[in-house]
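Chemist: need coordinates for the below:
(2 chains)
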There are 2 protein chains.
Amino acid sequence: MSEMRRDPIVGRWVVIDVDHPKGPGDFYKENNARHRRATCQFCPGKEHFTPPEVDALRPAGGGPNAPGWLARTVPNKFPALTREGEVVKEGLGMFDVMSGVGAHEVVIETPDHDKDLADLNAEEMGFVLKQYVGRSRELARDKRHKYVCIFKNFGPSAGSTVEHAHSQIIALPMVPKTVLEELRGAQSYEQKHRACVFCDVIEREYKDRERIVCENNSFLAFCPYAPRYAFETWIIPKAHSAFFSDLDDAALKDLAAHLLENLVRMRKALSNPSYNFYIHTAPIDYLRPQHYHWHIEIIPKLTRSIGFEWGTGLHIVPTFPHVAAKYLREA
Amino acid sequence: MSEMRRDPIVGRWVVIDVDHPKGPGDFYKENNARHRRATCQFCPGKEHFTPPEVDALRPAGGGPNAPGWLARTVPNKFPALTREGEVVKEGLGMFDVMSGVGAHEVVIETPDHDKDLADLNAEEMGFVLKQYVGRSRELARDKRHKYVCIFKNFGPSAGSTVEHAHSQIIALPMVPKTVLEELRGAQSYEQKHRACVFCDVIEREYKDRERIVCENNSFLAFCPYAPRYAFETWIIPKAHSAFFSDLDDAALKDLAAHLLENLVRMRKALSNPSYNFYIHTAPIDYLRPQHYHWHIEIIPKLTRSIGFEWGTGLHIVPTFPHVAAKYLREA
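Modeler: This next block holds a predicted model:
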């Protein structure tokens, strides 16, 4: 007998396939070992191959677009959205069209070509997060932007086409649908319960315990009750906070250690899988921060079938979240 | 300069990447050539390897679960949902859980192991559609079911694990989220405009012409104005109709020819890509059939990055739909 579960935030039903449960050994294995090419366009000394940097961490000094950086953010050479121009919105009968104004940047996470994000130490992970926060704040100042998406694709089957460790930032002239759905769900929960649904989820995770992966001072990692994918893991600040970009230095340090720990656990438990993670935060200038709660969703790419979920809206998940959490805890 | 477009049904914004447009030659090529294994468990003579059939077309007669069929539907050996039991819904605090009662069936599209769906002739395609319609009607009679999903995964990267041509049917105790979103969008459009949004889209497609792939007596195929994927194609009945299962024999014949034509065009234009298609129809016993309009969405799997769209809610599409339609028209 399978079990259907409903996500408390957006109301999505998923099927947990209890009859044919899968553990870490039951998924398709990908070889995400590094190729160890000597250098690439993201390596130190090749700075002139990227568009001029918009930010970089150079504790030992040195000018921009030269070696000496520990983390570096550059505009995407092939941006999906363009920096220049005004946001022009037009109605063409029943169709709406808008100029694709925004920003599309790449955070080069380490100068070392031979390291993945999970190979960094906590201090180095902090450098990456510092770029995320800095760019989030900077891009939010542009009045044309309504939302800043930060995400990482690791491994070819998660959509990564460049081997050198990197993540991406996209600033958008509108709020993406996935976030709108969470905002709507959170707002309706707040109207009914006078509480943040994410805070209530955290409370519930502490009560049930079994879906918790790990925690530290400021952050909790758990496998959500109604996941869309096997081993889906969320990282959430324990204290209510709507905006990722409000992260202060102490919390940033905690997040660096915590995110690293979770990536290492996932790599161990699932044999270095491809994965995506993305930061869900409130839209820029969002006026109801009491009901939204930023978090990171990490989704390892373990099965190849994603297409049909798009069509049917139905996710069939072969692993109970409490079982996934146990594997991740013990990794 | 990129262009953002909004889907008129569910309101989703997508980015069309105008600066780096991709044609059929620019995507990753997969080898979906058949392996030509002599027989498999879906082949005639192996009927005892599947659970007992629930329907089959045997124009020359013969008993069930024996050779002589032209299309055959069997319960999935590893069903995501189980046939037996009542739908028990329970609230566990903020979490809702429901027993996974439903049906999960496999339509074996042809006895010939060496044929893909696109290799069938229009008559044979009609046999497959007849199974779809028959099973839709039959599964709708079960009071526990609220929705019947019909879909096909072709090629490993679209999630297919069995080579012998087949599609799947899932009956659900609830309406899936993707369909609910379309219903909500259609309902709100109907309230404003006193018209079916899908009928208005059809009218608009005829006016603009450039996104139309092909048509016949009863059906139109077009690449939607704000697609989620490159070369996404919709097949829609020209006359308003909410339920796929209302298809009569004449329309079924037209659909068989039309679906076949579109699969062949896609295979030619895109070098036999993996693809998913799914039928979106109104829920069983839906009370407002005037505002919903069933259709088939076909999505070729041309890029590997799907994970991040889930997170950001943002689809970046590298091909204008009118350009995709032109390639498909000329294939």
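
Chemist: which residues of the stretch 51-200 of chain A lie near chain B?
Modeler: By CB under 8 Å from any CB of the partner chain, the residues of the stretch 51-200 of chain A that approach chain B are A:78-82, A:85, A:93-101, A:149, A:151, A:153, A:156-159, A:170, A:172-174, A:176-181, A:197, A:200. Using the backbone N, CA and C atoms, a C-beta is placed for each residue, glycine as well.

Chemist: so how do I select the buried members of those in ChimeraX?
Modeler: ChimeraX command restricting these to the buried ones, with burial defined by 16 or more other CB atoms under 10 Å in any protein chain shown:
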select /A:79,80,81,82,94,95,96,97,98,99,100,101,149,151,153,156,157,158,159,170,172,173,174,176,177,178,179,180,181,197,200
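
Chemist: and the residues of the stretch 51-200 of chain A next to chain B, which of them are in strands?
Modeler: Using DSSP state E, A:95-100, A:149, A:151, A:153, A:170, A:172 are the members of these that sit in strands.

Chemist: show me where chain A has helices.
Modeler: A:122-140, A:177-193, A:197-208, A:249-269, A:307-312, A:321-330 (DSSP state H).

Chemist: would you single out the least confident of those helices?
Modeler: Of all the helices of chain A, helix A:307-312 carries the lowest average pLDDT, namely a mean of 67.

Chemist: so how far is B:Lys192 from the spatially most central residue of chain A?
Modeler: Residue closest to the average C-alpha location in chain A (CA atoms, centre = their mean): A:Tyr278, at 1.5 Å. According to CB to CB, to the nearest Å, A:Tyr278 stands 33 Å off from B:Lys192.

Chemist: what of A:His258?
Modeler: On the measure of CB to CB, A:His258 and B:Lys192 end up 47 Å apart.

Chemist: A:Phe127 against A:Ala71, yeah?
Modeler: Yes. The pair A:Phe127 / A:Ala71 is scored as a contact, 4.1 Å apart, by CB atoms under 8 Å.

Chemist: what sits in contact with each of those two?
Modeler: A:Leu57 (CB atoms under 8 Å, 6 or more residues apart in numbering or on different chains).

Chemist: coming back round to it: which among the ones in strands among the residues of the stretch 51-200 of chain A next to chain B gets closest to B:Tyr292?
Modeler: When those are ranked by distance to B:Tyr292 (CB to CB), A:Phe95 comes first, at 20.1 Å.

Chemist: what sits opposite that closest one in the beta ladder?
Modeler: Assessed by DSSP bridges, A:Phe95 has beta-bridge partners A:Leu92.

Chemist: now do the contacts for the residue in chain A sticking out farthest from the centre.
Modeler: Distance from the centre of chain A peaks at A:Gly93, with 36.0 Å (CA atoms, centre = their mean). Shown in contact with A:Gly93 (CB under 8 Å, 6+ apart): B:Arg204.

Chemist: now do the same for the closest residue to A:Pro318 other than its chain neighbours: its pLDDT.
Modeler: Leaving aside its chain neighbours, A:Pro318 sits nearest to A:Lys22 (3.9 Å; criterion: CB to CB, 6 or more residues apart in numbering or on different chains). Listed pLDDT for A:Lys22 reads 85.

Chemist: I'd assumed A:Ala230 was in contact with A:Lys22.
Modeler: Yes. Judged on CB under 8 Å, A:Lys22 makes contact with A:Ala230 at a distance of 6.3 Å.

Chemist: now do the buried residues in stretch A:287-300.
Modeler: A:291-300.

Chemist: only C-alpha atoms, please: export that stretch in PDB.
Modeler: Extracted in PDB, the C-alpha atoms of stretch A:287-300 (Å, rounded to 0.1, in the frame of the first residue of the first chain):
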ATOM      1  CA  LEU A 287       6.000  43.600   2.600                       C
ATOM      2  CA  ARG A 288       4.900  40.600   4.700                       C
ATOM      3  CA  PRO A 289       8.100  39.200   6.000                       C
ATOM      4  CA  GLN A 290       6.300  37.700   9.100                       C
ATOM      5  CA  HIS A 291       4.900  34.800   7.000                       C
ATOM      6  CA  TYR A 292       7.800  33.800   4.800                       C
ATOM      7  CA  HIS A 293      11.000  32.000   5.900                       C
ATOM      8  CA  TRP A 294      14.000  31.600   3.600                       C
ATOM      9  CA  HIS A 295      15.600  28.200   3.100                       C
ATOM     10  CA  ILE A 296      17.800  26.100   0.800                       C
ATOM     11  CA  GLU A 297      16.400  23.100  -1.000                       C
ATOM     12  CA  ILE A 298      18.900  20.500  -2.100                       C
ATOM     13  CA  ILE A 299      17.800  17.900  -4.600                       C
ATOM     14  CA  PRO A 300      20.100  15.000  -5.600                       C
END
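
Chemist: gap between that stretch and the chain center?
Modeler: 11 Å (CA atoms, centre = their mean, to the nearest Å).

Chemist: ok, back up a step: what bridges to the residue nearest to the centre of chain A?
Modeler: The partner residues for A:Tyr278, given DSSP bridges, come to A:Phe151, A:Glu297.

Chemist: do you know how far it is from A:His295?
Modeler: Applying CB to CB to A:Tyr278 and A:His295 gives a distance of 10 Å.

Chemist: what's the answer for A:Tyr286, then?
Modeler: Counting by CB to CB - A:Tyr286 and A:His295 are separated by 15 Å.

Chemist: same check, this time on A:Gly185
Modeler: For A:Gly185 relative to A:His295 (CB to CB), the value is 13 Å.

Chemist: now do A:Ser160
Modeler: On the measure of CB to CB, A:Ser160 and A:His295 end up 22 Å apart.
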